[in-house]
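**Student:** quick check, what structure comes out for this input:
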Amino acid sequence: MSEDAFLEQLAISEVIARFENLRLVPSEDSGIVLRGAVDFTASANGCRTVTDSYEVTLRIPEAYPSELPIVHETQGRIPKNFHKLAKNALCLGSPFRLWTLLKRNSSLANFIERVVVPYLYAYSLHEVGEAMPFGELRHGVPGLADDLGDMLGASDTETSKAYLHALSQKKRIANKRPCPCGSGMRLGRCHNRRVNALRLAFRSYRGRRTA
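**Tutor:** Prediction:
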């Protein structure tokens with residue numbers, strides 16, 4: 001795909017219109033790079049409204065949205081111990097949840113609005129000692145289990161693990177087992193639609209990761 005076609009796919013003009021202090025900069029690798037300020041006003045989950053700005057670099061791979069952008073905060077405001085990945089990249093959330101979000105709307109503006117801004121908003125609150133509006137997710141497999149459980153309405157870690165186990169089973173087997181929600185009904189007569197839909201998405205995601 002040519003660079004012009006890739007920029008059109010990303011709806012880059014929409015990004016620049018919404019975040020006017022972001023600019024395209026030359027990239028040494030494939031994909032594109034945006035650099036500059038992400039200015040926002042945000043509120044969520046009863047937390048106060050924040051107006052703030054962060055200097056960032058977004059590297060959008062050529063395989064986007066199958067591969068997620070890599071985002072760095074470039075002024076050293078966000079410390080390394082605050083939800084960071086390798087090489088100081090921002091840990092923006094569960095990869096599976098981000099992938100499902102982009103499956104529904106892959107525009108880059110949507111990614112910045114729905115993923116990058118909430119992370120920055122949460123840090124703005126954390127920075128002054130206030131509670132973060134979205135909680136904190138553990139890294140690795142435990143965090144994935146917690147996030148899948150949250151997507152299925154689990155209220156605790158054990159229920160999340162039970163849902164994750166149901167996702168790993170074939171539909172005909174899982175539907176005959178007790179529903180992880182604790183209703184006493186078989187999964188096939190309780191949360192089967194929600195679990196089955198997520199199972200298909202999760203298998204597609206894992207297949208993409210191992211391809």
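**Student:** how confident is the prediction for the spatially most central residue of the chain, by pLDDT?
**Tutor:** By Cα atoms, centre = their mean, the chain has its centre lying nearest to L98, at 2.9 Å. If you check L98, the pLDDT there is 83.
**Student:** surely it meets L68?
**Tutor:** Yes. Applying Cβ atoms under 8 Å, one finds L98 in contact with L68, separated by 5.7 Å. In short, each C-beta sits where N, CA and C put it, glycine included.
**Student:** identify the contacts common to the two.
**Tutor:** Shared contacts of L98 and L68, defined by Cβ atoms under 8 Å, 6 or more residues apart in numbering, comprise L92.
**Student:** if I look at the residue nearest to the centre of the chain, how far off is N196?
**Tutor:** Counting by Cβ to Cβ, to the nearest Å, the separation of L98 from N196 is 22 Å.
**Student:** hang on, the earlier thing: the residue nearest to the centre of the chain in helix, strand or coil?
**Tutor:** With DSSP: H, G, I helix; E, B strand; the rest coil as the basis, the three-state label of L98 is helix.
**Student:** quick one: contacts for it?
**Tutor:** By Cβ under 8 Å, 6+ apart, L98 lies in contact with L68, L92, V115.
**Student:** can you tell me which of these has the most neighbours?
**Tutor:** In terms of neighbour count, L92 stands highest of these at 21 neighbours, by other Cβ atoms under 10 Å.
**Student:** pretty sure it is touching I112, no?
**Tutor:** No. Using Cβ under 8 Å as the test, L92 is too far from I112 to be in contact (10.4 Å).
**Student:** tell me which other helices or strands the host helix or strand of V117 touches.
**Tutor:** V117 is located in helix 117-127, with elements delineated by DSSP states H and E. On a contact count with 3 or more Cβ pairs under 8 Å, 6 or more residues apart in numbering; DSSP states H and E, helix 117-127 meets strand 32-42, strand 50-60.
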